[in-house]
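[1] Pasting a predicted model and its sequence here:
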Amino acid sequence: MIESETRPEVLIEDETLRDGLQLESRIFSLEEKLRIYRQLSEAGVRRIQAGSFVNPKKVPQMADTEQLLEEIRKGGQEGPLLSALILNDKGLERALSCKMEHVSMSVSVSNTHSQKNAGKTAANALSAMIVLIRQAIGAGLAVRAGLQCSFGCAYEGAIHENTVLEAAEKLAGAGAQEVNLADTTGMANPLGIAKLVERVNRELPELTISLHLHDTRGLGLANMYAGYQAGVRTFDASTGGLGGCPFVKGAAGNVPTEDAVNMFSSMGVGTGVDMVKICDTVKFLEQLLGRKLPGRMKMVLDAEK
């Protein structure tokens, strides 16, 4: 076993409270969300996407994002870095009123997906997002800029590397220091992950690259490992493998947080996340939802008891 000190740690941003819950028909209460947050925090998760500032009529699961952030901060204790998703001017206004320090802002590089997701062409959505990023940075926010469908679109097929690179260059030019390459449709493969990451790293070396991976075709962990091998050290995950894209039919959830933790720890790579505690969160979610979640490590730990 290679000792964890010999390899750099990875940062796992847990997306359970946003991407994980946004497609669930069951509306989670504020207290339930607070319990999920506390469990993630106690497990050692260092960055949590706590919600999104989007239209509550379209995404009712995110309607109480402000209240959740307020309750989290009442504790007054230093905890994980809190982030949230914003997509437009109204979202930025809400984020600023909540005194956010870090936000995620993303657009699609696929025209068809962008039309379905944002009602705009990919070019128009990118232009609008560049303006928004500059406003957010000017207001003192740290911005993670995301590119959805970076590894393929269920409607359009393959997305050319040049399209992704050109969009990433514009996001970097707007001031974003981290660009999140998202496999929104779960179409990526390890070779494609490595090629795109290596190219962006080569041509935009000042950028931090993070990966948002879906496990639609069962390649989530393999793609995560390929990203790690290519130099990525920040990855999105969701407890139990919850999540998916509402505008891509059949898009399964994210890579399970607990499975990502297991993969890295088995390689001697530190995450800072406690496996047993994160699996307790999976157990809580399964009780609330009344079904088993696709993550594997909770089943492994249960079998070992």
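    Here it is on my side, so go on.

[2] got the contact list for F53?
    By CB atoms under 8 Å, 6 or more residues apart in numbering, the residues touching F53 are M62, T65, A84, L85, I86, L87, K90, G91, L92, R94, A95. Every residue, glycine included, has its C-beta placed from N, CA and C.

[3] Check which residues of stretch 281-301 are buried.
    Buried residues in stretch 281-301, defined by neighbour count with 16 or more other CB atoms under 10 Å: T281, V282, F284, L285, L289, L293, G295, M297, K298, L301.

[4] Start and end of that stretch, how far apart?
    One end of stretch 281-301 sits 13 Å from the other (CA to CA, to the nearest Å).

[5] ok, and what's touching that stretch?
    Outside stretch 281-301, the residues that touch it by CB under 8 Å, 6+ apart are 16, 24, 26, 28, 32, 35-36, 39-40, 43, 215, 239-242, 252-253, 256-259, 261-262, 275-276, 279.

[6] Average pLDDT for stretch 67-82, rounded please.
    The average pLDDT for stretch 67-82 rounds to 90.

[7] pull the CA atoms of that stretch into CSV?
    This file holds the C-alpha atoms of stretch 67-82, laid out as CSV (Å, rounded to 0.1, in the frame of the first residue of the first chain):
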residue,chain,number,x,y,z
GLN,A,67,-33.1,29.2,5.2
LEU,A,68,-30.8,26.2,5.1
LEU,A,69,-27.7,28.5,4.8
GLU,A,70,-29.0,30.7,7.7
GLU,A,71,-29.5,27.7,9.9
ILE,A,72,-26.1,26.2,9.1
ARG,A,73,-24.4,29.5,10.1
LYS,A,74,-26.3,29.8,13.3
GLY,A,75,-23.9,27.3,14.8
GLY,A,76,-21.1,29.8,14.4
GLN,A,77,-18.5,27.0,14.1
GLU,A,78,-16.0,26.7,11.3
GLY,A,79,-17.0,24.0,8.9
PRO,A,80,-16.9,22.9,5.3
LEU,A,81,-16.7,25.5,2.5
LEU,A,82,-20.3,26.2,1.5
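
[8] picking up where we left off before, would you mind giving me the PyMOL syntax to select the buried ones in the contacts of F53?
    Burial among these is assessed by 16+ other CB under 10 Å; the matching PyMOL selection reads:
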select buried, resi 62+65+84+85+86+87+91+92+94+95
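
[9] between the contacts of F53, which is nearest I193?
    L85 (22.6 Å; CB to CB).

[10] Once you drop chain neighbours, what's closest to that closest one?
    S52 (3.7 Å; CB to CB, 6 or more residues apart in numbering).

[11] I'd like the mean pLDDT over the host helix or strand of V179, please.
    V179 is part of strand 178-183, with elements assigned from DSSP states H and E. For strand 178-183, the mean per-residue pLDDT is 97.
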